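# Sequence below, structure please.
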Amino acid sequence: MKAYVFPGQGAQFVGMGKDLYDNSEMAKELFEKANEILGFRITDLMFSGTDEDLRQTKVTQPALFLHSVILAKTLDDNFKPDMVAGQSLGEFSSLVTNGALSFEDGLVLVYKRAMAMQKACEAEPSTMAAIIGLEDEKVEEICNNIDEIVVPANYNCPGQLVVSGSIKGVELACDKLKEAGAKRVLPLKVGGAFHSPLMEPARIELAEAIESTNFNKPVCPVYQNVNAKAVSEPEEIKQNLVAQLTSPVRWTQIMKNMLADGMTSYTEVGPGNVLQGLLKKVDRKIPTESASI
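The predicted structure is shown next:
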């Protein structure tokens, strides 16, 4: 069974999508439609902006969404997924490509999500850190015993987990995790505490937009971040999408569940190859590749 997976924030780079724009008339039309929908030329920032431009959440998220979704559309008949998943923001890309959402509705939701998250980040300074070389259970235990907001936010692969929370909470957790034997503790250059309770204002704001958007029955199941399970019912997809902002991304569990359900190939659609590397930490035997126009 073919799995197609879509990256989240962190995979962006200046110049992303320009080859698509230059070499596919369909891609060019979709990029220009996106410029109209957003009300600014995001293509200028993607193709020739600065790293700082692309690091702004309100730019990063729609830019990554556009790169992944338009790349998938250029594959035409070669894009035949049996299962899809996306890491954090990438879940929206996966839902458009499997038919659950239209391109236009997906882009509008992604931009609303980005703006709501940026607003939440500015309201309360917060951060994240990657923890390498500790069991998930140990990280969870330490986070649970700190009297500040700090939670597991991204289960990336065995031995790699990202924590998220208040600046003080993450600093305290990092100190404790080093003492517990973490091989590396890496503060992340992010705008705030994604996938933590500090995103609650953004979750409330996005919930209203998601509830008023039409979702269709997808052509194949999406393995959602919140529960790591294959989901095909539109209402359940919507509920999980709302919960995603304040819940951890269970990517390790998603990969394991895809394998258990018969995954035989794994194609990353979007910039970079981070998701391929994560699968190799779970099962080196499954062939992986990057999609290309």
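
# in what helix or strand does residue 52 lie?
If you go by DSSP states H and E, residue 52 is part of helix 51-55.

# what's the residue sitting nearest the centre point of the chain in contact with, if anything?
In the chain, the centroid-proximal residue (Cα atoms, centre = their mean) is residue 88; its distance is 2.5 Å. Counting by Cβ atoms under 8 Å, 6 or more residues apart in numbering, residue 88 makes contact with 8, 9, 154, 194, 195, 225, 244, 249. Every C-beta, even on glycine, is put in place using the N, C-alpha and C of the backbone.

# same thing with residue 21?
Counting by Cβ under 8 Å, 6+ apart, residue 21 touches 27, 28, 31, 43, 47.

# How much space separates the residue in the chain sticking out farthest from the centre from residue 158?
Ranked by distance from the centre of the chain (Cα atoms, centre = their mean), the top residue is residue 179, with 30.1 Å. Applying Cβ to Cβ, to the nearest Å, the value for residue 179 to residue 158 is 21 Å.

# With residue 112 instead?
Counting by Cβ to Cβ, the gap from residue 112 to residue 158 is 34 Å.

# Out of the contacts of residue 88, the closest to residue 274 would be?
Distance to residue 274 across those (Cβ to Cβ) is lowest for residue 8, with 9.0 Å.

# distance of the residue nearest to the centre of the chain from residue 250?
Taking Cβ to Cβ, one finds residue 88 at 11 Å from residue 250.

# shared neighbours, the two?
residue 225.

# Give me the helices and strands touching the helix or strand of the chain with the lowest mean pLDDT, please.
Sorting the helices and strands of the chain by mean pLDDT, DSSP states H and E puts helix 51-55 at the bottom, at a mean of 88. Where contact means 3 or more Cβ pairs under 8 Å, 6 or more residues apart in numbering; DSSP states H and E, helix 51-55 is packed against helix 42-48, helix 57-74.

# which residues touch the first one?
Same thing as helix 42-48. 14-18, 21, 31-32, 34-35, 53-54, 59, 62-63, 66-67.

# buried stuff in that helix?
42, 43, 45, 46, 47 (16 or more other Cβ atoms under 10 Å).

# That one: how far from the chain's middle?
20 Å (Cα atoms, centre = their mean, to the nearest Å).

# begin at 132 from here
With 132 as the first residue, the last one maps to helix 173-179.
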